[in-house]
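> using only what follows, build the 3D model:
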Amino acid sequence: MPTTEAKKCWHVGVDVGGTFTDAAAFDGTSWTFAKVLSTPEAPEKGILAALQQIHAGTDLSPFATLVHGSTIVPNAVIERKGARTALLVTRGFRDMLSIGREFRFDTYDLSLDKPAPLSARDHIFEIDERSLSDGRVLQQVDDDQVRAVVQALRRKEIASIAIVFLHSYLNPENEKRARRVIEAEWPEVVVSVSHEVTASIGEYVRASTTVTNAYVRPVVRAYLRKLAAALEQRSFGGKLFLMFSQGATVDVATADKLAVNLLEGGTSAGAIAAAQIGAVAGERDIVSFDVGGTTAKVCVCLGGRLPRARELEIARQRRLKPGSGLPVRIDGIEMLEIGAGGGSIARMDEAGWLSVGPDSAGSVPGPACYGRGGEQPTVTDANLMLGYFDPDGFAGGAMRLSRARAAGTLADLGRRLSVGVEEVAASILDLVNAQMASAVRVHIIERGGDPEKATIIAFGGGGPLHAYEVARLVGCRRIIVPPRAGVASAIGLLLTPPAIERSLALHHRVGDDDNHGLLQAIGGLFDAVQAELRERYRQAAAVDLLLFAEMLYVGQGHEIVFQLPRGFLDAGADETFNDRLRGAFETEYAARGLQPMRSMSVLMTRITLRGALDRFVDHPPGIERSAAGNGATGRRDVYFPEAKHRLEVTVLARTEIPLGITMAGPMLIEEAETTTVVGPSAEVWLDPQGNLVIDMIARTADRVAPG
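Predicted coordinates for the structure are as follows:
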């Protein structure tokens, strides 16, 4: 990488994944990128290595901003490496974490194991306090009782405390009082209170979320301090931000206080980048398709809007089985995770059939072809053997892949399956593509979309590699591969502005004559968001204010979370207010493929206001081409599933593809961080933004069925 002049002012996004750590930096005029292997034992080492690729040397003073997407929260919970955590609850609710929900994620498994709570039962203490369902305090907290609990917790060497009292989302006074007593008696302990972590109805999920926050806070705090110290040693004097699951960047203090929100930060950044790329390209219905070394993440954006999730899940007992993990009630971008990535391990299952994933070789030891100790065949090994990778040009030439090691592990698996190396590699590719295509098709339909009208935005190290076959099987009409697709999540971190979110739980039946109370509550949120923006960022007013609602029909058990139209409140509480509010809900309801029930009452249960500032970067990277050249760098024999055999194809360098010329597949298009596959049934051209646009011209041959 070229040395950067010290006078430049860089904004850099760094996404730490399970296999690679990606970085994207913008200096006001140009972009620079890096991709290095992740260092799971010390993630900050991978971050520093990526920054050093961008700016040669150890001086990081040119960096004004670092936005970080991290996997530290899911890793801490999955590996059970969080802090020893206690929980204070209303008397009578000691066992709610163990009881959970009346739900079995596998109905017919009689030996079903649920994930163990993050707070052991002997670390859960009941407090004599009570608030009613309307928020009135029936019994105040007894300060002396809380002091006695604190002494007991000291003896148990507790490092973090969660407080979850009944109906505190409506009136948090008892939680606040208990926290004041604890902090006065024990200033060193970390305290998380449910009304700040997740102000929402539902005691179990609120407790699970708050305990998770308390469990990971000391780990997150220690990591952030370690990262800050490492950056400071290298003269980094800029601001450090982190990415929340809901698609907002926050400062270190907010990330520390609400650490559970870091759960899907890097993943959300990729979906945000894809949505903006689709919008610039004029595509309204897109599928964000991010394939990394461990998983594939899919986000369906209909009408150009990122879907919001009201609840996420962590540490699943069975990785791809919803309900088998710990629920966390935080806002997020709704995504589907598929256990298929470059490092996904292939094996023969108990029935003697080939299976792929969901476990991954990660970066340590990595696929066999990396030569870092991996001894099991992976998707990357199969792709290498089938001609998709140049062994000497992987990751821009930074890594040399070993065909011999890949062939050895594939041969071992092939002998158990009674097939040769080529056939087992082709079977791995066919299976993993079919798994991804089936999941993508179902997810599009579940969101109310039409697969044939959807455009796939492919990114990540493996997205452009697998997108063609997935689009062919699903029936999607077009694929867009943006410039520097292999580091798109890191780019997305810089496309997301710093923001503050505040939520309010309520019980507003749409149709009530008195709407002034609701408007007054929203006005209070506006004031709170503006005040915090001034405090944290010295910003007098938000550049953008987004209002989200959670609503359901009376009698339903789950809300729908969606963004209200801009300017929705401009008319105030006029006679059309209820009609506009119900209309917004029914529009969103119908957009999800559901039939609105106009005769039923609608209930609003929560509102959330986000105040966002200016983004660090206004646009993703644009076109990258050299001044001349026909783009051809060679030819290679490559296996294509639709042909069922190898075809000799042209290999092109992306930077030398001419603008305005449509080329017919098959071909491979290589760049530093990824390889784009254009199959026999497609043609490709370069648009003015520098995107590779792959149009599918024959899409029906091997269409997969849902399921």
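> quickly note the distance from the closest residue to residue 518 other than its chain neighbours to residue 262.
Of all residues not flanking residue 518 in the chain, residue 508 sits nearest, at 5.2 Å (Cβ to Cβ, 6 or more residues apart in numbering). All C-beta atoms are positioned from the backbone trio N, CA, C, and that covers glycine. Separation of residue 508 from residue 262 (Cβ to Cβ, to the nearest Å) stands at 31 Å.
> ok, the two, which is more surrounded?
Neighbour tally, residue 508 and residue 262, criterion other Cβ atoms under 10 Å: the higher count belongs to residue 262, 26 against 20.
> what's around the nearest residue to the more buried one once chain neighbours are set aside, how many residues?
Spatial nearest neighbour of residue 262, excluding adjacent residues (Cβ to Cβ, 6+ apart): residue 73 at 4.7 Å. For residue 73, the count of nearby residues is 28 (other Cβ under 10 Å).
> do the one 5 residues further on as well
Residues near residue 78, counting by other Cβ under 10 Å, number 15.
> contacting residues around it?
314, 315 (Cβ atoms under 8 Å, 6 or more residues apart in numbering).
> and the helices in the stretch 251-400 of the chain?
252-257, 265-280, 379-385 (DSSP state H, counting those that start in this stretch).
> before we move on, back to that, from memory the residue nearest to residue 518 sits against residue 604, does it?
Yes. If you go by Cβ atoms under 8 Å, residue 508 and residue 604 touch, sitting 4.4 Å apart.
> residues shared between the contacts of these two?
residue 518.
> what about the residue lying closest to residue 459 once chain neighbours are set aside, which SS state?
Among residues not flanking residue 459 along the chain, residue 488 sits closest, at 3.6 Å (Cβ to Cβ, 6+ apart). Under DSSP: H, G, I helix; E, B strand; the rest coil, the three-state class of residue 488 is helix.
> quick check, pLDDT for residue 488.
On the pLDDT scale, residue 488 is placed at 91.
> for the residue nearest the centre of the chain, which residues are in contact?
Centroid check for the chain by Cα atoms, centre = their mean gives residue 267 as the closest residue, at 2.6 Å. The contact partners of residue 267, taken as Cβ under 8 Å, 6+ apart, are 69, 245, 290, 297, 333, 335, 489.
> check residue 128 too.
91, 139, 141, 142, 145.
> of those, which belong to strands?
residue 139 (DSSP state E).
> mind giving me the ChimeraX select for the contacts of residue 128, buried ones only?
Buried residues within these, by 16 or more other Cβ atoms under 10 Å, are selected in ChimeraX with:
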select :141,145
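> quick one: which of the contacts of residue 128 is nearest to residue 405?
residue 91 (60.6 Å; Cβ to Cβ).
> secondary structure element for the residue nearest to that closest one when sequence neighbours are not counted, which one?
In this structure, residue 91 finds its nearest non-sequential neighbour in residue 126, 4.2 Å apart by Cβ to Cβ, 6+ apart. In the assignment (DSSP states H and E), residue 126 maps to strand 124-127.
> what strands line up against the helix or strand following that strand, and which way round?
For strand 124-127, the following helix or strand on the C-terminal side (DSSP H and E) is strand 130-131. In the sheet, strand 130-131 lines up against strand 137-139 (antiparallel) (DSSP bridges).
> contacts for the strand it pairs with, please.
Under Cβ under 8 Å, 6+ apart, the answer for strand 137-139 is 128, 129, 130, 131, 132, 171, 173, 174.
> how about the strands in the stretch 551-700 of the chain?
Along the stretch 551-700 of the chain, the stretches classed as strands by DSSP state E, counting those that start in this stretch are 560-563, 602-612, 632-640, 645-653, 663-664, 667-670, 675-678, 682-686, 692-696.
> can you list those in TSV and add mean neighbour count, mean pLDDT and distance to residue 452?
TSV is the format used below for the strands of the stretch 551-700 of the chain (neighbours: other Cβ atoms under 10 Å; pLDDT from 0 to 100; distance: least, Cβ to Cβ, whole Å):
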stretch	mean neighbour count	mean pLDDT	distance to residue 452
strand 560-563	20	87	25
strand 602-612	21	87	33
strand 632-640	16	85	22
strand 645-653	17	92	26
strand 663-664	14	90	21
strand 667-670	24	93	24
strand 675-678	24	94	20
strand 682-686	20	92	15
strand 692-696	21	94	10
